[in-house]
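Trainee: Let me see the structure of the following:
(one chain, ligands or ions: 1)
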Amino acid sequence: MRVDVVSIFPDYLAPLELSLPGKARAKGLLDVRVHDLRDWTHDRHRTVDDSPYGGGAGMVMKPEPWGEALDEVTAGSDPVIVFTTPSGEPFTQKVARELAAEEHLIFACGRYEGIDQRVIDHAGAWGRVREISLGDYVLNGGEVAALAVTEAVVRLLPGFMGNPDSLVEESHEDGLLEYPVYTKPAVWREHAVPDVLLGGNHRAIGEWRHEQRVRRTARRRPDLVAASALPDDTSLRLAQ
Ligand code: 6GU
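Mentor: Okay, the predicted model is just below:
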């Protein structure tokens, strides 16, 4: 997979060189290129923003540098262009799986009050377009979102995980949160590991873990339970 990131703060993307994406790069699964949007400006001040038509607070990212950047970065490719914005669709594990199936992702990281809408309207000419939000809160820019999305996607690339089983049982893969986990010692500061986990009865352990997942999900994420296939009373009963 190729990933291009266009940002006015390319230094923010330095973690792409490290740890998880770095491992994928070392394995040859990932080719990451970070670009400075200002490389596609032509004035002495390398201007990327201007005041909004119609007035209002803040600044808007000018369309011309984005146009030239995306002309160049999309050339000869059929990419998905991801605009990171708090107005986007929520980023979920399902979206991560969809993006992991792509050959080429381009992240366009907005700053200020956003990118001139005509860039997004035009972007269908460069590839398939997704506007993605990390969640219902506001960051200063889309760089951290591009990092988060890249990390979630890269770990799903075939051949990345040593043991792909560990992908199946985790939070959000099947709509339930993960069960609690424990390791040695069996008692720590008077907190004991649940007995069932020490007993070696794998069926009982499986049932206990499933119940813990349903309980957690009902308590912390009632929105997920509403969307799940659990019988109506199950999660309500377990949440008591
Ligand atoms: Cl993708 N960008 C910004 N600026 N803020 C956000 C976000 C993205 N997702 C949540 N908040």
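
Trainee: from here on, contacts and neighbour counts on C-alpha atoms
Mentor: Fine.

Trainee: in the longest strand along the chain, what counts as buried?
Mentor: Ranked by number of residues, the top strand in the chain under DSSP state E is strand 80-90. Neighbour-count burial for strand 80-90, counted by 16 or more other Cα atoms under 10 Å, picks out 80-86, 88.

Trainee: State the pair within the residues you listed that is farthest apart.
Mentor: When Cα to Cα is used, the two most widely separated members of these are 80 and 86, lying 18.4 Å apart.

Trainee: first vs last residue of stretch 37-49, how far apart are they?
Mentor: 11 Å (Cα to Cα, to the nearest Å).

Trainee: Kindly report the same for stretch 65-84.
Mentor: Stretch 65-84 has its terminal residues 17 Å apart, counting by Cα to Cα.

Trainee: State the mean pLDDT of it.
Mentor: Average pLDDT, stretch 65-84: 98.

Trainee: hey, C-alpha coordinates of the one helix or strand residue 166 maps to in CSV?
Mentor: In this structure, residue 166 sits in helix 165-168 according to DSSP states H and E. Taking Å, rounded to 0.1, in the frame of the first residue of the first chain, the C-alpha atoms of helix 165-168 are listed here in CSV:
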residue,chain,number,x,y,z
ASP,A,165,-6.1,-14.5,15.2
SER,A,166,-5.4,-11.6,17.5
LEU,A,167,-7.3,-9.4,15.1
VAL,A,168,-10.5,-11.4,15.2
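
Trainee: Let me see the residues that make contact with it.
Mentor: 156, 173-174 (Cα atoms under 8 Å, 6 or more residues apart in numbering).
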